[in-house]
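Student: build the 3D model from these lines:
(one chain, ligands or ions: 2)
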Amino acid sequence: MTPTRLEITRPDDWHLHLRDGDALASVVAHTAQRFARAIVMPNLKPPVTTVAQAEDYRRRILASLPAGSRFQPLMTLYLTENTPVEEIIRAKASDSVFAVKYYPAGATTNSDSGVRELSRVYAVLEAMEKHELPLLLHGEVTDSDIDIFDREGVFIERHLLPLRERFPVLRMVLEHITTRNAVEFVSSAPAHVAATITAHHLLLNRNALFEGGIRPHNYCAPILKRETHRAALLQAATSGDPHFFLGTDSAPHPRAAKETACGCAGLYTAPAAIEFYAEAFEQAGRLDRLEAFASFHGPEFYRLPRNEARIVLERSPWIMPDEYPLDGATCKPMRAGESVAWSIVETTAV
Ligand code: NCD
Ligand code: ZN
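Tutor: Ligands and ions are numbered 1, 2, ... in the order given. Next up, the predicted model:
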């Protein structure tokens with residue numbers, strides 16, 4: 001029989017967009033209610049490229065938290081072709097920066113400062129390998145002649161395999177994986193190569209982009225893939241394999257920026273993030289493995305302690321609001337106006 005109550009160690013989100021300013025203040029509580037820590041993406045405008053900027057951003061996040069919250073933002077640096085090796089050394093010495101993010105220039109929201117040619121950052125990657133600072137990869141090529149649904153697979157073949165050969169002990173996370181190809185690459189790699197999986201890629205396939213018409217709120221980067229890939233991701237997430245852990249990639253945009261002729265990529269899943277993962281694991285008949293995926297494998301990879309606090313989920317449906325405030329505008333969350341199967345009924349802070 002499927003359990004209707006689930007008590008797990010408080011989870012962490014290993015890939016999150018919190019934005020800045022008033023938008024940050026609008027969204028951070030959703031994550032802080034569910035997760036103890038989150039790896040915070042650096043794709044602000046301008047991007048967070050230095051430890052000093054990351055520390056300022058961290059202070060702004062802490063100042064936006066609801067009173068009494070113990071949520072810990074784990075900061076990242078945005079890798080550019082001008083990132084100096086010294087910045088890696090500063091990052092390693094800091095107690096606030098936990099990883100460096102690689103965006104191929106032009107791949108997604110605010111990625112213009114990203115890397116055009118991987119060989120231009122080899123010296124920095126060498127320093128990261130030496131100092132054991134993880135590289136978080138947005139693993140897609142951006143070439144316009146490559147079919148959008150193939151961009152992750154081509155990235156693995158063209159860039160990731162050679163990168164692993166060149167930097168054999170570089171700690172890497174292939175972020176928000178979307179394909180069977182990525183599952184195969186990561187599951188056969190050593191333990192210092194891992195992957196995050198989003199709730200939306202576990203619950204939706206690419207049909208969700210065109211259900212009775214175009215659905216801009218289901219558009220994200222990397223784009224949703226066909227059902228066979230979703231099934232491979234669900235299998236990987238629920239397999240118990242420590243290579244795979246939770247990263248929501250919750251990425252809020254104002255409605256007007258998504259409901260337009262050229263809409264932004266990103267799903268806002270933070271208001272029900274762990275609840276959505278519970279649905280996916282329930283679907284696979286593997287609720288017993290949610291805790292390891294959500295609360296154990298991430299800290300193990302990042303060499304951080306597990307959380308001591310716990311949360312309790314119950315199978316008690318609620319209706320997701322149609323929209324939430326976002327910096328004077330509104331943002332439509334995943335599942336807007338529809339039912340979410342699981343609720344958080346209790347959290348214990350330690
Ligand atoms: C992210 C965003 O909006 O910042 N969008 C997305 O679709 N995931 C950027 C990213 O992680 O690619
Ligand atoms: Zn992201």
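
Student: which residue ranges of the stretch 201-350 of the chain form helices?
Tutor: Counting by DSSP state H, counting those that start in this stretch, the stretch 201-350 of the chain has helices at residues 227-237, 255-258, 273-283, 290-291, 297-302.

Student: and for the second one, what's in contact with it?
Tutor: So the one you mean is helix 255-258. Residues outside helix 255-258 that contact it (C-beta atoms under 8 Å, 6 or more residues apart in numbering): 216, 217, 219, 263, 264, 266, 323, 329, 330, 331, 332. Yep, even glycine has a C-beta here, placed from its N, CA and C like the rest.

Student: likewise for the shortest one?
Tutor: Helix 290-291 is touched from outside by 6, 8, 9, 277, 278, 281, with contacts defined as C-beta under 8 Å, 6+ apart.

Student: same thing with the last one?
Tutor: Contacting residues not belonging to helix 297-302 are listed as 12, 14, 74, 98-99, 134, 171, 173, 191, 194, 242-247, 305-307 [C-beta under 8 Å, 6+ apart].

Student: make it 10 Å
Tutor: 9, 11-15, 36-39, 74, 98-99, 134, 171, 173, 191-196, 237, 240-247, 291-292, 304-307 (C-beta atoms under 10 Å, 6 or more residues apart in numbering).

Student: among those, which ones lie close to ligand 1?
Tutor: Applying C-beta under 6 Å from any ligand atom, the subset of the contacts of helix 297-302 adjacent to ligand 1 is empty.

Student: beta partners of the nearest residue to residue 6 once chain neighbours are set aside?
Tutor: Sequence neighbours aside, residue 313 is the residue nearest to residue 6 in space, at 4.5 Å (criterion: C-beta to C-beta, 6 or more residues apart in numbering). Residue 313 has these beta-bridge partners by DSSP bridges: residue 6, residue 344.

Student: surely residue 313 is in contact with residue 10?
Tutor: No - assessed by C-beta atoms under 10 Å, residue 313 is found out of contact with residue 10, at 11.4 Å.

Student: overlap in contacts of those two?
Tutor: Counting by C-beta under 10 Å, 6+ apart, the residues touching both residue 313 and residue 10 are 34, 274.

Student: element containing residue 178?
Tutor: Using DSSP states H and E, residue 178 falls within no helix or strand.

Student: which residues sit in contact with it?
Tutor: 139-140, 149, 151-153, 197-198, 200-201, 206, 220-225, 229-230, 232-233.

Student: does residue 174 touch residue 153 like I think?
Tutor: No - Residue 174 is not in contact with residue 153 according to C-beta under 10 Å; the separation is 11.9 Å.

Student: highest average neighbour count across the helices of the stretch 201-350 of the chain?
Tutor: Most buried of the helices of the stretch 201-350 of the chain, by mean neighbour count (mean count of other C-beta atoms under 10 Å): helix 273-283, with a mean of 23.

Student: any idea of the mean pLDDT for it?
Tutor: Average pLDDT, helix 273-283: 98.

Student: ok, stretch 30-43 next?
Tutor: Mean predicted lDDT for stretch 30-43 stands at 98.

Student: kindly report the same for stretch 46-59.
Tutor: On average, stretch 46-59 scores 98.

Student: distance check, the nearest residue to residue 324 once chain neighbours are set aside against residue 242.
Tutor: Distances taken as C-beta to C-beta, 6+ apart place residue 331 nearest to residue 324, at 5.4 Å, with adjacent residues excluded. Distance, residue 331 to residue 242, by C-beta to C-beta, to the nearest Å: 33 Å.

Student: swap in residue 343?
Tutor: Separation of residue 343 from residue 242 (C-beta to C-beta): 28 Å.

Student: same check on residue 86?
Tutor: 33 Å.

Student: same deal with residue 71?
Tutor: 24 Å.

Student: give me the more crowded residue out of those two.
Tutor: Neighbour count, other C-beta atoms under 10 Å: between residue 71 and residue 242, residue 71 has more, with 20 against 15.

Student: these two touch, right, the more buried one and residue 29?
Tutor: Yes - counting by C-beta under 10 Å, residue 29 is a contact partner of residue 71 at 8.9 Å.

Student: who touches both of the two?
Tutor: residue 65.

Student: same question for stretch 177-196, mean pLDDT?
Tutor: Rounded mean pLDDT across stretch 177-196 is 98.

Student: measure residue 330 to residue 22 for me?
Tutor: From residue 330 to residue 22 the distance is 13 Å (C-beta to C-beta).

Student: tell me which parts of this structure are close to ligand 1?
Tutor: The chain comes close to ligand 1 at residues 17, 43, 108, 109, 138, 220, 221, 249, 251, 265, 266, as judged by C-beta under 6 Å from any ligand atom.

Student: look at residue 240 and say how many residues are nearby.
Tutor: Number of residues near residue 240 (other C-beta under 10 Å) recorded here: 14.

Student: quick check: nearest residue in space to it, chain neighbours excluded?
Tutor: residue 289 (5.3 Å).

Student: also residue 40?
Tutor: Excluding the flanking residues, the one nearest residue 40 by C-beta to C-beta, 6+ apart is residue 73, at 4.8 Å.

Student: now do the SS call for that neighbour.
Tutor: strand (DSSP: H, G, I helix; E, B strand; the rest coil).

Student: can you check residue 60 too?
Tutor: Going by three-state DSSP: residue 60 is helix.
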